[in-house]
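Engineer: Sequence first, then the predicted structure:
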Amino acid sequence: MSWSRIDPTTEGYAGEIFSCFSTYFGNLDNVVGPSVPGSGEPVDMDFDSKKNLVEIISPPGSFHRFTGMAYPSNSDVHRLHICARFEQKVGVREPDQEGEPKFVIEKSTARITYLKITGERDQESGKIPAEIRHGFHFDFEWEPQPDHPVFHVQHTPRAIDIDILEQAYDIPDQGRLYDDYPDLPRIPTPPMDIAGATYLILRQHSADISWPDDLEGAIDGLPNFPEECFSPNPQGGLSMLPEWWYIHADGELEHVPRETTELRGNGTKRFLGDE
């Protein structure tokens, strides 16, 4: 089966792609509460005509807010809000055996910021006093740039722009965060799309929210990562190969067997291009 993009028909599937994301975020809002500030739609859509991709993004100036999240008892953080924004570009591949078109993730970013709530909501401004305690974003892009792990996360308290957060929170003296924390390193991660980032937040911090029952049907409609991202199999019953996370970025997208990336038994390593 050929896995080349279907050109130029992706735009024709835009409504169907938008519908599956709208359903997912609508169901998510029923579980954790609506996005902030309010929006007519839980997601926005655009079309990247240059790359023939449908772009799905959180509405400008909005974010999903997870509240009531538990936190480790040895921390001074007793009230925690987690804010998230999502961006994803989706392409269309050739139909599967049932004749259904394959919606495939070509680019994905999940931005997550952890806020410590430091007081009660101000009655005049309507804002909640808070401190940024942690932030990171998960990235994926096909085809990846050199030296970028195919799936990676970067720690950055400014993952969500502070101007967006300050629509709902009073965050004093946070400008220093823009200077004190670099974006690097890019840390390899498991594949993390929108659903994966949601799962991370819910399961790490709340035993009261069931998964995947509340979102199961909506998840089924979301696009998948390209199959070529997972070849060659990185483990095969053995220890994880760190090279696998980078091998796709070496300029050769035809994947190589495990034995050509590393021979574990004698410590000899061979990399793409070695004879």
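Structural biologist: Arrived safely, thanks for sending.

Engineer: Low-confidence stretches in the chain?
Structural biologist: 1-9, 38-40, 68-78, 96, 99, 174-183, 205-210, 212, 231-244, 247-275 (pLDDT under 70).

Engineer: Quick one: list the elements packing against the biggest strand by length in it.
Structural biologist: Counting by DSSP state E, the longest strand found in the chain is strand 102-117. Other helices and strands packing on strand 102-117, by 3 or more C-beta pairs under 8 Å, 6 or more residues apart in numbering; DSSP states H and E, are helix 14-32, strand 80-93, strand 128-141, helix 194-205. C-beta here means a position set from N, CA and C on the backbone, and glycine is covered the same way.

Engineer: Could you identify which of those is most buried?
Structural biologist: Mean neighbour count (mean count of other C-beta atoms under 10 Å) peaks for strand 80-93 among those, with a mean of 23.

Engineer: That one pairs with which strands?
Structural biologist: Strand 80-93 has the following strand partners under DSSP bridges: strand 53-57 (antiparallel), strand 64-66 (antiparallel), strand 102-117 (antiparallel).

Engineer: Restricting to C-alpha, output it in CSV.
Structural biologist: C-alpha atoms of strand 80-93 as CSV (Å, rounded to 0.1, in the frame of the first residue of the first chain):
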residue,chain,number,x,y,z
LEU,A,80,-3.7,23.4,41.4
HIS,A,81,-5.0,24.4,38.0
ILE,A,82,-3.7,22.9,34.8
CYS,A,83,-4.2,24.8,31.6
ALA,A,84,-3.7,23.3,28.1
ARG,A,85,-3.7,24.4,24.5
PHE,A,86,-3.6,22.1,21.5
GLU,A,87,-2.5,22.4,17.9
GLN,A,88,-2.6,19.7,15.3
LYS,A,89,-2.3,19.4,11.5
VAL,A,90,-3.9,16.5,9.8
GLY,A,91,-3.5,15.0,6.4
VAL,A,92,-5.4,12.4,4.5
ARG,A,93,-3.8,9.1,3.3
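
Engineer: okay, the angle between it and strand 128-141?
Structural biologist: 30 degrees (axes from the mean of the first three to the mean of the last three C-alpha atoms, to 10 degrees).

Engineer: sec struct for Glu41, please.
Structural biologist: What DSSP: H, G, I helix; E, B strand; the rest coil gives for Glu41 is coil.

Engineer: Give me the distance between Met224 and Cys20.
Structural biologist: Wrong residue type there; residue 224 is Asn, not Met. Separation of Asn224 from Cys20 (C-beta to C-beta, to the nearest Å): 12 Å.
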